[in-house]
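Trainee: turn this into a model:
(2 chains)
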Amino acid sequence: MTAMPRSSNQPMESPPARSVGLLLFAWLYVGVPLAWGVTQTIMKSMALFH
Amino acid sequence: MLDILDREHSVAGPGYNRWLVPPAALAIHLCIGQVYGFSVFKLPMTKLLGVTHSAQGDWTQSQLAVIFSIAIFFLGMSAAFFGKWVEKQGPRKAMFAAAGCFGGGFIVAALGVALHNLWLVYLGYGVLGGIGLGIGYISPVSTLVKWFPDRPGMATGMAIMGFGGGAMIGSPLAVSLMKFYSTPSSVGVVETMLTMGTIYFLFMMFGVFTVRVPAPGWQPAGYVPSAQPQKLVTDADVTADDAPKTRPFWLLWVILCFNVTAGIGILEQASPMIQEMLLYPAATGGIDPANTAAITQATAPLAAVAGGFVGLLSLFNMIGRFFWSSTSDYIGRKNVYYIYLLLGPLLYFLIPVAGRMGSTPLFVGICVLILTMYGGGFATIPAYLRDLFGTMQVGAIHGRLITSWSVAGVLGPLLVNGIRDYQIAHGAVGVERYAPTMYLMCGLLLIAALCNYLVGPVDSKYHVRDTGYAPTAKPQLKGK
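Mentor: Okay, the predicted model is just below:
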């Protein structure tokens, strides 16, 4: 078994404010539609427990 | 101009936050996961000519059911066929191609609906859309495992969770759009498909332009690969062409195939199963069987209640993808599959018991737990492949492995519907219509558990000596 070469090791820098904003936007971009879909599904499934 | 899509132009610069990659992957998977919600189009598409009812020349439900099967078949085939291309071109170009095919598939299907040409719908949503599904499904896998060497299960689980959640967005979106576009002379399917094709293409562009591949040799800060050698975790790589020559590949193929088939055993029959086993007896209990008007009134809401149950299964399918694959980072892939494949049979065995007891909460609890493990089986497989075959071409290897999904997607419904039809033809009612299917699923999962037991390290003769970084580099095989 041969180890994978690691030519360099670039540790992650602490993210600047712009990066944090982008990160927040990115997660909201996918999170909001997903939360909407989950809410719709839960509301529909409530009939099962009535 | 399209150079921007090349792998070389998508290498992350300093300061790029790796937590941007999961939402980029989710932007793709949340869209292509819509395929699980395609059934919302079926009823309106049987009334394209009659609008309020099915008229002479309108398509039938069985003609329309083929669209989903074609899409799933092409998902598996394109993932297998284009896997190496995806690895070579990188995630950005692959995601762009997936967006073009999936969005374009909707547009072609809309044209087919407008012209009332079913073959064009098959070609659009089935073939073109299916190719988009396959490329999109595998496009972020390799990139995610490279960005998250410390938590590959969680990373790929997060993306594949999106595929499970796509229908939860796509179904209500399609229903709302069809309601919005419908007129006295149209059911609004053409406009809905055009709108969804455009929305999905644009939504997926966020993934295209956000995703990055790590720079050569990049590792997360503070990450120290385990010094303790783990039997089933390799630091070597196997090429996509060599992987199918190995025994572990085919053992995983069988495991995925049987786990998917077992999940289909629930998903395919969820609505009729809960109605016939539990809801119908509970709703009609105490009503004189001769009083058809009272029975009709009492059973009228059951389809909607069963629809809620199917929605709940989708939700837990999605949750399981993230939960189980993340758990696998801590307890190991093999152990998490033991949970699916040994706890699963017990739960399948208990379904008829819950039906005979007439306990809806127990029945629902068992089914949602099974569905978490169905989703978990999908989501954990990329990390299992990464452990066994390395990261170099894991996306392409994953693509080849999910041909088992295509096989299960076609054979599974045939099997479960065939058994149910046989039981009905022989006079079985209620629980007994479904019990044999559940026992068969127990058997399939136990065979898969045996396969999991047999999974061992890949023979070192298949290991690539020097992977470098670029998967396009011709690998040197270690001498036999």
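Trainee: quickly find the element holding residue 28.
Mentor: Just going to use chain A. Residue A:28 belongs to helix A:17-45 when assigned by DSSP states H and E.
Trainee: hmm, I had chain B in mind actually
Mentor: Element membership for residue B:28 (DSSP H and E) is helix B:21-32.
Trainee: next helix or strand past that helix?
Mentor: Helix B:21-32 is succeeded, C-terminally, by helix B:42-45 (DSSP H and E).
Trainee: list the buried ones in that next one?
Mentor: In terms of neighbour count (16 or more other CB atoms under 10 Å in any protein chain shown), helix B:42-45 has its buried residues at B:42, B:44, B:45. To be clear about C-beta, it is placed using only N, CA and C from the backbone, and glycine gets the same treatment.
Trainee: surely the first one touches residue B:61?
Mentor: Yes - with contacts defined as CB atoms under 8 Å, residue B:42 counts as touching residue B:61 at a distance of 6.0 Å.
Trainee: coming back round to it: let me see the mean pLDDT of the helix holding residue A:28.
Mentor: Taken as a whole, helix A:17-45 carries a mean pLDDT of 91.
Trainee: mind listing what's buried in it?
Mentor: A:19, A:22, A:26-27, A:29-30, A:33-34, A:37-38, A:40-41, A:44-45.
Trainee: also stretch B:354-374?
Mentor: Those buried within stretch B:354-374 under the rule 16+ other CB under 10 Å are B:354-355, B:360, B:362-364, B:366-374.
Trainee: equivalent analysis for stretch B:235-248, please.
Mentor: Buried, per 16+ other CB under 10 Å, within stretch B:235-248: B:235, B:236, B:237, B:238, B:239, B:240, B:242, B:243, B:246, B:248.
Trainee: go on, stretch B:104-123?
Mentor: B:104-113, B:118, B:120-123.
Trainee: farthest pair in the residues you listed?
Mentor: Using CB to CB, the buried residues of stretch B:104-123 span at most 18.2 Å, a distance reached by B:104 and B:118.
Trainee: do you know how far residue B:96 is from residue B:399?
Mentor: 17 Å (CB to CB, to the nearest Å).
Trainee: comparing those two, which residue is more hemmed in?
Mentor: residue B:399 (31 against 22; other CB atoms under 10 Å in any protein chain shown).
Trainee: from what I can see residue B:66 touches residue B:127, true?
Mentor: No - checked against CB under 8 Å, the pair residue B:66 and residue B:127 is beyond contact range at 11.6 Å.
Trainee: pick out whichever of these two has more residues nearby.
Mentor: The neighbour comparison of residue B:66 against residue B:127 (other CB under 10 Å) goes to residue B:127, with 19 against 13.
Trainee: pretty sure the more buried one contacts residue B:72?
Mentor: No - counting by CB under 8 Å, residue B:127 stays clear of residue B:72, with 11.7 Å between them.
Trainee: who in the stretch 101-250 of chain B is up against chain A?
Mentor: Taking CB under 8 Å from any CB of the partner chain as the criterion, the stretch 101-250 of chain B approaches chain A at residues B:162, B:165, B:168-169, B:172, B:206, B:210, B:215-222, B:234-237.
Trainee: any of those residues buried? List them.
Mentor: By 16+ other CB under 10 Å, these give B:162, B:165, B:168-169, B:172, B:206, B:210, B:218-220, B:234-237 as buried.
Trainee: and the helix holding residue B:28, is it in reach of chain A?
Mentor: Yes - using CB under 8 Å from any CB, helix B:21-32 reaches chain A at B:23, B:24, B:26, B:27, B:30.
Trainee: which SS state does the closest residue to residue B:294 other than its chain neighbours fall under?
Mentor: Computed as CB to CB, 6 or more residues apart in numbering or on different chains, the closest residue to residue B:294 that is not its neighbour in sequence is residue B:287, at 5.0 Å. What DSSP: H, G, I helix; E, B strand; the rest coil gives for residue B:287 is coil.
Trainee: residues near residue B:287, how many?
Mentor: If we define neighbours as other CB under 10 Å, then residue B:287 has 15 of them.
Trainee: report pLDDT for it.
Mentor: pLDDT, residue B:287: 83.
Trainee: now do it against residue B:431, distance only.
Mentor: 20 Å.
Trainee: go on, residue B:290?
Mentor: Taking CB to CB, one finds residue B:290 at 24 Å from residue B:431.
Trainee: what about these two, which has more around it?
Mentor: residue B:431 (21 against 7).
Trainee: just checking, the more buried one touches residue B:352?
Mentor: Yes - contact status for residue B:431 versus residue B:352: in contact at 5.1 Å, counting by CB under 8 Å.
Trainee: can you pull the buried residues of the host helix or strand of residue B:156?
Mentor: Using DSSP H and E, residue B:156 maps to helix B:152-181. By neighbour count on 16+ other CB under 10 Å, the buried set for helix B:152-181 is B:152-175, B:177-178, B:181.
Trainee: need phi/psi at the residue nearest to residue B:294.
Mentor: The phi/psi pair for residue B:287 (degrees, to the nearest 10) reads phi -90, psi 140.
Trainee: surely it and residue B:296 touch.
Mentor: No - assessed by CB under 8 Å, residue B:287 is found out of contact with residue B:296, at 10.2 Å.
Trainee: show me where the stretch 101-250 of chain B has its helices.
Mentor: B:118-121, B:129-138, B:141-147, B:152-181, B:189-210, B:247-267 (DSSP state H, counting those that start in this stretch).
Trainee: now do the shortest one: which elements does it pack against?
Mentor: It stands for helix B:118-121. Using 3 or more CB pairs under 8 Å, 6 or more residues apart in numbering or on different chains; DSSP states H and E, the elements in contact with helix B:118-121 are helix B:91-115.
Trainee: what's the local residue count around residue B:125?
Mentor: By the criterion of other CB under 10 Å, residue B:125 has 29 neighbours.
Trainee: separation between it and residue B:119?
Mentor: 12 Å.
Trainee: just the buried ones among the residues of helix B:21-32 next to chain A, please.
Mentor: Neighbour-count burial (16+ other CB under 10 Å) is assigned, among those, to B:23, B:24, B:26, B:27, B:30.
Trainee: please name the nearest non-neighbouring residue to the last one.
Mentor: So the one you mean is residue B:30. Distances taken as CB to CB, 6+ apart place residue B:162 nearest to residue B:30, at 4.3 Å, with adjacent residues excluded.
Trainee: what does the first one give?
Mentor: Residue nearest to residue B:23 in three dimensions, not counting chain neighbours: residue A:26, with 4.0 Å by CB to CB, 6+ apart.
Trainee: shouldn't the one you found be in contact with residue B:20?
Mentor: Yes - Residue A:26 is in contact with residue B:20 according to CB under 8 Å; the separation is 5.4 Å.
Trainee: which residues do those two both contact?
Mentor: residue B:210 (CB atoms under 8 Å, 6 or more residues apart in numbering or on different chains).
Trainee: show me what counts as buried in stretch B:431-442.
Mentor: B:431, B:432, B:433, B:434, B:435, B:436, B:437, B:438, B:440, B:441, B:442.
Trainee: reformat the buried ones among the residues of helix B:21-32 next to chain A as TSV; add pLDDT and distance to residue B:448.
Mentor: As requested, these are exported to TSV (pLDDT from 0 to 100; distance: CB to CB, whole Å):
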residue	pLDDT	distance to residue B:448
B:23	96	33
B:24	96	32
B:26	96	28
B:27	97	32
B:30	96	29
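Trainee: contact residues of the stretch 301-450 of chain B facing chain A?
Mentor: Residues of the stretch 301-450 of chain B lying near chain A (CB under 8 Å from any CB): B:301, B:304-305, B:307-309, B:311-312, B:314-315, B:360, B:364, B:390-391.
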